[in-house]
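Novice: got a sequence here, can you model it:
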Amino acid sequence: MIPKTSWKKQVETAGRQINRFSLIIFAALACLAFSPCPAFSHGPSDLSVSYDAASQILKVDITHTTKSPDKHYIKKVEIIKNGAVVSTESYKSQPSQDKFSYEYKVALDGQDTVEVKVTCNIFGSKKQQLSTAPGKGPQ
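Specialist: Numbers count the residues shown, from 1 in each chain. Okay, here's the model as predicted:
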């Protein structure tokens, strides 16, 4: 037969272990819920690039949906012409909560390839390539 004091100690010890476990689980869930985490963020969902040769304007259409465009936004747009970075624009917010466009003056001739890379300030990026060679388009 087990003495009562031993049984009481086992119950108290088990109770403390359950309380510690509950506290650890609660703390872990609170950290996940209140920390900005890539699992809850996303990069741009769509990117379209077009070029008007007459005005030499490269138009970049971006879809990046967010409820807070001043906290979760496209932070950088890079323009890469024939493999070399020709422009990097940094931003501190985005102009709308979903779709928006930026325009850049870029001189391209009939044989150039331009790549545009847009990067989210929290997580993710997207690239789109455009060739000005005859018969070529977005890739």
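
Novice: now residue 108, nearest residue through space, not along the chain?
Specialist: residue 132 (4.9 Å; C-beta to C-beta, 6 or more residues apart in numbering). All C-beta atoms are positioned from the backbone trio N, CA, C, and that covers glycine.

Novice: what's near enough to touch that neighbour?
Specialist: Contact partners of residue 132, counting by C-beta atoms under 8 Å, 6 or more residues apart in numbering, are 51, 53, 108-114.

Novice: ok, the residues you listed vs residue 93, which is closest?
Specialist: Nearest to residue 93 among the contacts of residue 132: residue 114, at 25.2 Å, using C-beta to C-beta.

Novice: and the closest one, how far from residue 50?
Specialist: 11 Å (C-beta to C-beta, to the nearest Å).

Novice: and if you look at residue 132?
Specialist: From residue 132 to residue 50 the distance is 11 Å (C-beta to C-beta).

Novice: next one: residue 131
Specialist: In terms of C-beta to C-beta, residue 131 sits 12 Å off from residue 50.

Novice: where along the chain do the strands fall?
Specialist: Counting by DSSP state E, the chain has strands at residues 46-52, 57-63, 74-81, 84-90, 99-105, 113-120, 125-131.

Novice: find residues that contact each of residue 114 and residue 50.
Specialist: Taking C-beta under 8 Å, 6+ apart as the criterion, residue 114 and residue 50 both touch 58, 130.

Novice: who has more neighbours out of the two?
Specialist: residue 114 (20 against 15; other C-beta atoms under 10 Å).

Novice: so that one touches residue 106, yeah?
Specialist: Yes: counting by C-beta atoms under 8 Å, residue 114 touches residue 106, with 6.8 Å between them.

Novice: pLDDT of stretch 61-70, averaged?
Specialist: Averaging pLDDT along stretch 61-70 gives 95.

Novice: in it, what counts as buried?
Specialist: For stretch 61-70, burial by neighbour count (16 or more other C-beta atoms under 10 Å) applies to 62, 64, 66, 69.
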